[in-house]
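Asks: Please find the sequence and the predicted model below.
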Amino acid sequence: MKMKKGYTLGLSLYLVFLLLPVYWLVVMSFKTNEEILGQLTLWPQTFSFDNYVTIFTDPSWYMGYINSMTYVAINVVITLITALPAAYAFSRYNFLGDKHLFFWLLTNKMSPPAIALLPFFQLYSSVGLFDTHIAVALAHCLFSIPLAVWILEGFMSGVPREIDETAYIDGYSFPRFFITIFMPMIRSGIGVTAFFTFMFSWVELLMARTLTSVDAKPIGAIMTRTVGAAGVDWGLLAAAGVLTIIPGCLVVWFVRNHIARGFALGRL
Amino acid sequence: MIVKIKNQKALWLILPVFVLVAFSSLIPLMTIVNYSIQDIFDVNNAYYVGTDWFREVLADPRLRDSLVRQFGFSASVLLIEIPLGIGVALMMPKSGRLASLCLVVLAVPLLIPWNVVGTIWQIYGRADIGLMGSALTSMGFDYNYASDPVDAWLTVLVMDVWHWTSLVALLCFSGLRAIPAAYYQAAQIDRASGWSVFRYIQLPKLKNVLVIAILLRFMDSFMIYAEPFVLTGGGPGNSTTFLSQTLTKMAIGQFDLGPAAAFSLIYFLIILAVSYVFFTTITQMDKER
Amino acid sequence: MAEIKLASLAHSYQTSPSAPEDYAIRQMDHVWEQGGAYALLGPSGCGKSTLLNIISGLLIPSSGHVLFDGKEVNHLSPAERNVAQVFQFPVVYDTMTVYDNLAFPLRNLGKDKATIDKRVREIAAALELDSDLLRKANNLSADDKQKVSMGRGLVRDEVSAILLDEPLTVIDPSLKWKLRRQLKRLHQQFDITMVLVTHDQLEASTFADKIALMYQGQIVQNGTPQELFEQPAHTFVGYFIGSPGMNFIEVSLHDGCACFAGLSVPVEPATYDLAVNLGSSNMKLGIRPEFVRLHEQSQAGALDTLVTNIEDLGSYKIVTVEVAGQPIKARIEEDDWVPTGRVYLSFPLPWLKLYADEYLVKAV
């Protein structure tokens, strides 16, 4: 079908609606606080990198990014390692309570994180994991694993089971078959899963903030520091915000050719 | 469809996932159940109170108000985001560089930490330093999301549309791409109008992704916390205080553990029930001849 | 109802095609007369679906003209051309009932209810869908979906032509012949030009009065099934039609004979002269296995050969013999004498064809 003029216009308007707030954030991060609080300007009058310099030279700032990235990475790894065999089992076998297990996994996506904050805090404190990266990563597994199992199951169901059987007849053991034959076949599914796991772990703050205090504190929690006695340091806040968007943009740029397929979650 | 074979050993493959999720889900859940039926003063002084907390929270006007606000908000979110998302997906080019560009731009809001989303809209919406805020003010609107409840509510709504419509659009876009060209060709041959193509081809083929989109959007909007918390702090008054926030205030602010736990369970059950009813209705419709 | 004419038509999916290989359809002229039943036969990837989409108007050709009853329709939409098309895979409107699916094209034309109802029931009866009319199309089997799909093509009675793009591929074999007969009957009943695309020669020859055989984006021969069998205009036709395909031997021409490996086979003088005049270095002798004669005793002009293989295919056998390292297949009937070891081979003159540069050398 041909592109219609109205479509282009409508779409452009929507994209502008999406980008304007981000543009404003970026512009503000390059402004000085005097300019921000003074006259409204569409472009920084005096281009300033001070806000970024502050973040990159102060460990209490930049450690926030490192903390966030660390627990996100741990989460992605744990999720993939455990979800892959589980998704395989759900896609290939019938076993006792499989439907209920699958449904139970999915309900975890439905429990409001706010509910579990205090029990979470108590649980992780009692096992001595409070304020560690691993604690946040494990907590995020609560919703990343169900999602990962669900997406991977979709991709795996698209692979005919004859492949498995042929491999077993050829004398492959299960682990060898799984790693050398099966995983390469669903590699786009694995990529998509990693993307979604990253996404949900990176954007979550409530649990991450509850389970950390100093050593593993995420950047999102550190951003509240910009509220000082003299009011909010808007420029610094904007710069910190811009820096939280960049990892997401990088990831999305790498997977741009798989996004459409990815959002189908292997199920179309 | 793959024919599954019976194999109980497959449970071993599930075990790691089960242990991990159970650790983070069952133990806290038991703690909550525990809290919800006891009055706890300290480790050694806990009294069984039965359903007292449940009765108390169900009678609590604060909670009822925020529940009503929550349903109003989730309904508005779905009513705007689902049609808008479908529309955006329909307007997108089907392939090529432009399509990739659209996809990347659409995905950006989804990858921004939720509290930063609040920050972005704070900076964007303030009448003194925000582009939107000052633009609206200069156009003569008396706009101030920090003091006017309606403005605040609308701003949170627009923020959520900004944040999440992309998810619906991306899901629909992949759904649309999966429609074989022959369907459009057949429609052309049958002289179907543009509306017919949408009504009889695109919409039915989008049904599966729309079910996912509606479920995800319902669940997430029902649990919204960080964005309005940063933007409005729940105010002015209680106009943008949604369920999660009320609950957090109760549990952590006032340390009313019993009622908070009881209400958490009700909250969870509401989401579960609504999702379940929606899902079974849709699948039931499928089975009818 | 229309005569479909293609005039110097060519199509390429590339924006600036240069080599002939870049074309999905190489330049061609062709006519399908009003009311005929035609088949467009060829292997996958030969361009038959592309050609069909050009005729229906789903594709606009890179160059040349499509004429309906002498009127150019190149830039008319499928609706304006008033054609019906059935696709390889079933296309049904999932949420509609079978009845609504069949009625859909008529409703879009703004027909009145009574006409629609009469027509839908007529087509449903012809396709044996009457009992399913009120079912949702989504819940039908693949076979039935395809029947609905075909029904939507057939339901409009005043179309210029009905184009069928391998519609029987997904149909269960036991149902195939039935549907084919129904198609044929519908064709006779409504006197509409029908073009059936297929890669199955049996399907083509049972359905069509005339078969156009496509190869590498060109129609290499257009004729009755019998013509395609007896007078293959191109080596590919010989190879593709019949089972097994035609025997081909590379030859050179000397003294009124086609020679290979020191042997010589006499050919018709008129054909011989024509072939020599072409001066081609790519000369092939072709004969169908059905026409190869096997003899127990040596005869004048017969080749002395050895049997290397006999394949028993039930009602007939395929005998493979070797002539100077060159395998030649012969088909013999059930009750015929079965040769073993040494056998003498002769080629009846009328069935012996000469091909220069893959095209039949034909003396008129």
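Replies: Happy to help now that I have it. Numbers count the residues shown, from 1 in each chain, chains lettered A, B, ... in the order given.
Asks: residues touching the residue nearest to the spatial centre of chain C, list them.
Replies: Centroid-nearest residue in chain C, with CA atoms, centre = their mean: C:L41, separated by 2.3 Å. Applying CB atoms under 8 Å, 6 or more residues apart in numbering or on different chains to C:L41 gives the contacts C:48, C:198-201, C:204, C:211-214, C:240. C-beta here means a position set from N, CA and C on the backbone, and glycine is covered the same way.
Asks: One more: C:N53?
Replies: By CB under 8 Å, 6+ apart, the neighbours of C:N53 are B:185, C:59.
Asks: do that again at 10 Å, thanks
Replies: Applying CB atoms under 10 Å, 6 or more residues apart in numbering or on different chains to C:N53 gives the contacts B:185, C:11, C:59-61, C:78, C:85, C:163, C:165.
Asks: Buried ones only from these, please, as a PyMOL command.
Replies: Here is the PyMOL command that selects the buried residues among the contacts of C:N53 (16 or more other CB atoms under 10 Å in any protein chain shown):
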select buried, (chain B and resi 185) or (chain C and resi 11+59+61+78+85+163+165)
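Asks: Tell me which of the contacts of C:N53 fall in helices.
Replies: Judged by DSSP state H, the subset of the contacts of C:N53 located in helices is B:185, C:78.
Asks: and which of the contacts of C:N53 is nearest to chain A?
Replies: B:Q185 (10.7 Å; CB to the nearest CB).
Asks: The closest one contacts C:A84, correct?
Replies: No - the criterion here is CB atoms under 10 Å, and B:Q185 misses it with C:A84 at 11.8 Å.
Asks: Quickly list what's touching both of the two.
Replies: With CB under 10 Å, 6+ apart as the test, B:Q185 and C:A84 both reach C:56, C:78.
Asks: Just give the closest residue to the residue nearest to the centre of chain C, not the sequence neighbours.
Replies: Nearest non-adjacent residue to C:L41, counting by CB to CB, 6 or more residues apart in numbering or on different chains: C:A204, 4.4 Å away.
Asks: how about that neighbour, what does it touch?
Replies: Counting by CB under 10 Å, 6+ apart, C:A204 has contacts C:38-42, C:196-198, C:210-213, C:225, C:228, C:241.
Asks: May I see the buried residues of the lengthiest helix in chain A?
Replies: For chain A, the helix with the greatest residue count under DSSP H is helix A:59-92. For helix A:59-92, burial by neighbour count (16+ other CB under 10 Å) applies to A:61-65, A:67-72, A:74-76, A:78-80, A:82-92.
Asks: overlap between those and the residues near chain B?
Replies: Residues of these in contact with chain B (CB under 10 Å from any CB of the partner chain): A:68, A:78-79, A:82-92.
Asks: Just give me the closest of those to C:V92.
Replies: Comparing those against C:V92 with CB to CB places A:S91 closest, at 28.5 Å.
Asks: can you pull the pLDDT of the closest residue in space to the closest one that isn't next to it in sequence?
Replies: Excluding its sequence neighbours, the residue lying closest to A:S91 (CB to CB, 6+ apart) is A:M156, at 3.9 Å. pLDDT, A:M156: 88.
Asks: And A:M156, its phi and psi?
Replies: phi -70, psi -30 (degrees, to the nearest 10).
Asks: how much space between the residue nearest to the centre of chain C and chain B?
Replies: Distance of C:L41 to chain B, computed by CB to the nearest CB, to the nearest Å: 21 Å.
Asks: Give me the phi and psi for that residue.
Replies: phi -110, psi 150.
Asks: Quick check, pLDDT for it.
Replies: 92.
Asks: Next one: it from C:L59, what distance?
Replies: 20 Å (CB to CB, to the nearest Å).
Asks: same thing with C:F248?
Replies: Distance from C:F248 to C:L59, by CB to CB: 35 Å.
Asks: do C:V120 as well
Replies: For C:V120, the distance to C:L59 equals 30 Å [CB to CB].
Asks: ok, residues contacting the helix or strand bottoming out on mean pLDDT in chain C?
Replies: The helix or strand of chain C with the poorest confidence is helix C:173-190; it has a mean of 82 (mean pLDDT, DSSP states H and E). Helix C:173-190 has contacts (CB under 10 Å, 6+ apart) with C:1, C:35-37, C:86, C:122-123, C:126-128, C:143-144, C:146-147, C:150, C:154, C:157-159, C:162, C:164, C:167-169, C:171-172, C:192-194, C:196, C:198, C:200, C:202-203, C:206-209.
Asks: can you dump the C-alpha coordinates of the helix or strand just after that helix into PDB?
Replies: Using DSSP states H and E, the next helix or strand after helix C:173-190 towards the C-terminus is strand C:193-198. Coordinates of each C-alpha in strand C:193-198 appear next as PDB, following Å, rounded to 0.1, in the frame of the first residue of the first chain:
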ATOM      1  CA  THR C 193     -12.200 -16.800 -19.200                       C
ATOM      2  CA  MET C 194     -10.200 -18.700 -16.500                       C
ATOM      3  CA  VAL C 195      -6.500 -18.800 -16.200                       C
ATOM      4  CA  LEU C 196      -5.100 -21.400 -13.800                       C
ATOM      5  CA  VAL C 197      -1.500 -21.200 -12.700                       C
ATOM      6  CA  THR C 198       0.000 -24.500 -11.700                       C
END
